[in-house]
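Asker: Would you be able to build a 3D model of this:
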Amino acid sequence: MPIPDATASLLTRGWQSLQVYRHPRARVMLFLGFSSGLPLLLVFGTLSVWLREAGVERATIGFISWVALAYGFKWVWSPLVDKLPVPWLTRRLGRRRSWLLLSQLAVMGGLLGMAFSDPVQGLGFLVALAVLVAFGSATQDIVIDAFRIESAETRLQGALAATYMVGYRLAMILASAGVLWIADWAASGEKGYHPHAWTLAYGMMAAAMLVGVVTTLVVAEPAVPPGESEVERAGARRIRQVAWLPAWLADLLEWLWRAVVSPFADFLRRYRWQAVLLLALIASYRISDIVLGVIANVFYIDLGFTKTQIADVTKVFGILMTLLGAAFGGVLVSRFGVMRILFLGALLAAGTNLLFSLLARSGPEIGLLMLVVAADNLSAGLASAAFVAYLSGLTNLAYSATQYALFSSVMLLFPKFVGGFSGVMVEKLGYPGFFLLTATMGLPVLLLVAAAWRWVPVNGEKDGA
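Answerer: Model (predicted):
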């Protein structure tokens with residue numbers, strides 16, 4: 001039976017849309033995403049399991065978790081990544097690949113050092129190595145974001161973000177469940193603390209970083225030479241015009257202006273009053289998801305789901321739905337543009353929170369839980385792909401590392417702060433009322449997206465379309 005022309009045309013358009021994932025940089029981002037996602041849990045959640053098994057006090061483990069704060073402050077040293085060459089490496093590999101290789105080698109060396117350390121014999125040394133891994137990993141994230149932004153136009157950023165997320169999530173599974181499985185196997189399933197088991201597990205994670213190292217060595221440097229903005233040139237001229245400054249001080253001030261001040265001044269100069277609108281949108285776009293996510297696991301337990309059900313549905317099935325949503329979002333951004341899908345993502349993120357209110361009233365029904373998790377994670381993946389593409393379009397290629405690091409930090413600050421009150425909200429409103437409130441939090445976001453769509457065109461898209 002022949003396929004109707006309309007169906008054939010739809011299938012053809014769908015297949016053509018999927019071709020965005022054949023872009024060479026999309027495949028590269030899969031491997032770089034793996035390299036980026038591997039270290040985080042190795043200095044956070046997985047490390048806490050190791051420390052507790054070794055007999056480290058809970059309070060001490062809590063303090064050690066501050067190691068992960070490096071990821072929240074990466075914008076502080078991101079100007080160095082944009083402007084400071086790496087001796088010897090930059091001349092041979094280029095600006096981005098040199099910093100990428102340096103950060104990956106730091107992570108790899110730190111993990112290898114952790115593998116041959118023992119918290120029982122030298123906790124301080126192990127923590128110092130974890131700090132090295134965290135800073136190396138955060139630096140790698142800065143460079144990968146800049147590499148992605150400089151590798152393709154705005155419409156392709158959703159696809160690059162989607163493949164990056166796939167690699168990132170796979171690496172997180174390896175760094176959590178994979179490490180625990182390896183350690184348990186190396187200990188022959190025996191209970192108690194076995195240092196050699198953790199040596200093998202962390203040693204294998206250090207070896208897994210070769211995925212990123214090899215990728216860095218074989219890919220081409222983005223074809224975007226180091227640049228400067230008008231605000232950077234103007235500031236440098238003014239510094240040089242101050243006749244009484246000693247030469248060494250003028251050189252220092254000029255470098256600080258170019259590397260540290262100019263990226264932020266450039267953003268304000270390009271967008272002026274609209275910068276306030278953009279920062280408000282960036283700070284609030286993920287608020288519905290993040291505030292709900294803080295209390296989600298507690299909600300599942302309170303509702304009566306077992307730990308196995310929570311793990312199977314929200315972790316395994318949920319991650320698959322997130323990746324599917326991200327892949328779908330990448331296709332939609334490529335076909336329809338960033339702003340339309342950014343609005344759709346915000347609408348779905350807020351709307352799916354209402355399903356949690358339905359689940360709260362229905363009790364522990366596993367089928368409904370799967371439906372809610374599927375809808376929530378699909379929308380979150382789609383929104384994430386669109387949001388990454390949007391942030392990428394806001395950056396100036398002269399400061400892609402610094403400005404994107406700033407945006408990604410602003411993205412989490414306000415929602416995480418509000419999320420800290422989620423327990424209090426549940427106590428006052430109950431779960432159905434709380435989920436209704438988190439959905440309502442998404443309404444101002446829709447207005448901000450509409451305003452940005454109207455007044456702030458995105459790089460590579462005419463009139464924000």
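Asker: contact partners of stretch 61-80?
Answerer: Outside of stretch 61-80, the residues within contact range by CB atoms under 8 Å, 6 or more residues apart in numbering are 40, 43-44, 47-48, 51-52, 56, 127, 130-131, 134-135, 137-139, 141-142, 259-260, 263, 399, 401-402, 405-406, 408-409, 412. Just so you know, the C-beta spots here come from the backbone N, C-alpha and C atoms, and that holds for glycine as well.
Asker: do stretch 342-356 as well
Answerer: Contact with stretch 342-356 is made by 285-286, 288-289, 292, 299, 329, 332, 371-372, 375-376, 378-380, 382-387, 390, 431, 435-436, 438-443, 445-446, 449-450, 453, as judged by CB under 8 Å, 6+ apart.
Asker: same thing with stretch 217-225?
Answerer: By CB under 8 Å, 6+ apart, stretch 217-225 touches Val28, Leu93, Gly94, Arg95, Arg96, Arg97, Leu101, Phe147, Glu150, Ser151, Leu397, Ser400.
Asker: ok, now with 7 Å
Answerer: Applying CB atoms under 7 Å, 6 or more residues apart in numbering, the contact partners of stretch 217-225 are Val28, Leu93, Gly94, Arg96, Arg97, Phe147, Glu150, Ser151, Leu397.
Asker: what would those residues look like in TSV with pLDDT?
Answerer: Below are those laid out as TSV (pLDDT from 0 to 100):
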residue	pLDDT
Val28	87
Leu93	91
Gly94	88
Arg96	88
Arg97	92
Phe147	87
Glu150	82
Ser151	80
Leu397	71
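Asker: ok, so of the residues you listed, who is nearest Gly419?
Answerer: The nearest member of those to Gly419, counting by CB to CB, is Phe147 at 30.2 Å.
Asker: Can you flag the buried ones in the contacts of stretch 342-356?
Answerer: Buried members of the contacts of stretch 342-356, counted by 16 or more other CB atoms under 10 Å: 285-286, 288-289, 292, 299, 329, 332, 372, 375-376, 378-380, 382-387, 390, 431, 435-436, 438-439, 441-442, 445, 449, 453.
Asker: Tell me how many other residues surround Gln309.
Answerer: Neighbour count for Gln309, taken as other CB atoms under 10 Å: 15.
Asker: Excluding chain neighbours, what is closest to it?
Answerer: Closest residue in space to Gln309, ignoring its immediate chain neighbours: Ile366 at 6.2 Å, by CB to CB, 6 or more residues apart in numbering.
Asker: so how far is Ala206 from the one you found?
Answerer: With distances taken as CB to CB, to the nearest Å, Ile366 is found 39 Å from Ala206.
Asker: neighbour-wise, which of the two wins?
Answerer: More crowded of Ile366 and Ala206, by other CB under 10 Å: Ala206, with 21 against 12.
Asker: got a list of what that one touches?
Answerer: Ala206 makes contact with Met108, Leu111, Leu112, Ala115 under the criterion CB under 7 Å, 6+ apart.
Asker: Endpoints of stretch 276-294, how far apart?
Answerer: One end of stretch 276-294 sits 27 Å from the other (CA to CA, to the nearest Å).
Asker: before we move on, the earlier item: among the contacts of stretch 217-225, which lie within helices?
Answerer: Among these, the members falling in helices (DSSP state H) are Val28, Leu93, Arg96, Arg97, Phe147, Glu150, Ser151.
Asker: Now do the same contact list for the fourth one.
Answerer: Contact analysis of Arg97 by CB under 7 Å, 6+ apart lists Thr216, Glu221.
Asker: What is the neighbour count of Pro39?
Answerer: Applying other CB under 10 Å, I find that Pro39 has 32 neighbouring residues.
Asker: give me every residue that touches it.
Answerer: Residues counted as contacts of Pro39 (CB under 7 Å, 6+ apart) are Val107, Val133, Ser137.
Asker: What of Phe387?
Answerer: Tyr285, Leu342, Gly345.
Asker: Name the member of the residues you listed with the shortest distance to Phe34.
Answerer: Taking CB to CB as the measure, Phe34 sits nearest to Gly345 out of the contacts of Phe387, at 24.5 Å.
Asker: where's the closest one, which helix or strand?
Answerer: Assigned by DSSP states H and E, Gly345 belongs to helix 338-362.
Asker: next one: Asn297
Answerer: helix 287-303.
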